[in-house]
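A.B. asks: Predicted model, plus sequence, below.
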Amino acid sequence: MSACTAAPLLTIPSTVPSPSRHSRVEPALTAAALAARLRNRLDELDAERGRIAEALRVLEPAPGRRRRQARPTLLEALRTSPGARRSMLALVCGLPMTSVSAELDTLAEARIVERDGLGWRLREAGTGG
């Protein structure tokens, strides 16, 4: 027995699987055919992009709309929880903290709400000037 006997580097199977009847072998594409396929794919992607953009438009209301929706939600939260802080109002109302802060500031300028310690409350009717 020789000391130089080594295992083969590459083992080739004795049988090569034949393509199944379900596999698709496409002929070589011409440049024009490939360009046509790519244009069709771009059209499909554009259509999908439009559907995704529409879904996002529905799910993410415009900032102005969100702010208008914030007012009644905040006022109701302050009716039920006077003295609530901005962070708690944002959590309870499901609104971004920036929206809550901006709306509370606007409501305070309109003398509808006022500070209550570290929180906020509705102003009592006839209070203030």
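C.D. replies: Structure's in. What do you need?
A.B. asks: Tell me how this structure divides into domains.
C.D. replies: Taking automatic domain parsing as the reference, the chain has its domains at 31-60, 63-122.
A.B. asks: Can you say which of those is packed in most?
C.D. replies: Of the domains of the chain, the one with the most neighbours on average (mean count of other C-beta atoms under 10 Å) is domain 63-122, at a mean of 15. The C-beta positions use only the backbone N, C-alpha and C, and glycine is treated the same way.
A.B. asks: for it, what is the average pLDDT?
C.D. replies: What domain 63-122 shows for mean pLDDT is 87.
A.B. asks: swap in stretch 37-52?
C.D. replies: The average pLDDT for stretch 37-52 rounds to 93.
A.B. asks: Would you mind writing the CA trace of it as PDB?
C.D. replies: C-alpha atoms of stretch 37-52 as PDB (Å, rounded to 0.1, in the frame of the first residue of the first chain):
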ATOM      1  CA  ARG A  37     -40.300  41.700 -20.300                       C
ATOM      2  CA  LEU A  38     -38.500  44.400 -18.300                       C
ATOM      3  CA  ARG A  39     -41.100  47.000 -19.400                       C
ATOM      4  CA  ASN A  40     -43.900  44.700 -18.300                       C
ATOM      5  CA  ARG A  41     -42.300  44.100 -15.000                       C
ATOM      6  CA  LEU A  42     -41.900  47.900 -14.500                       C
ATOM      7  CA  ASP A  43     -45.600  48.300 -15.200                       C
ATOM      8  CA  GLU A  44     -46.400  45.600 -12.600                       C
ATOM      9  CA  LEU A  45     -44.200  47.400 -10.000                       C
ATOM     10  CA  ASP A  46     -45.800  50.800 -10.800                       C
ATOM     11  CA  ALA A  47     -49.200  49.300 -10.200                       C
ATOM     12  CA  GLU A  48     -48.100  47.700  -7.000                       C
ATOM     13  CA  ARG A  49     -46.500  51.000  -5.900                       C
ATOM     14  CA  GLY A  50     -49.800  52.800  -6.500                       C
ATOM     15  CA  ARG A  51     -51.700  50.200  -4.300                       C
ATOM     16  CA  ILE A  52     -49.100  50.500  -1.500                       C
END
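A.B. asks: So which residues make contact with that stretch?
C.D. replies: Residues from elsewhere that reach stretch 37-52, judged by C-beta atoms under 8 Å, 6 or more residues apart in numbering: L29.
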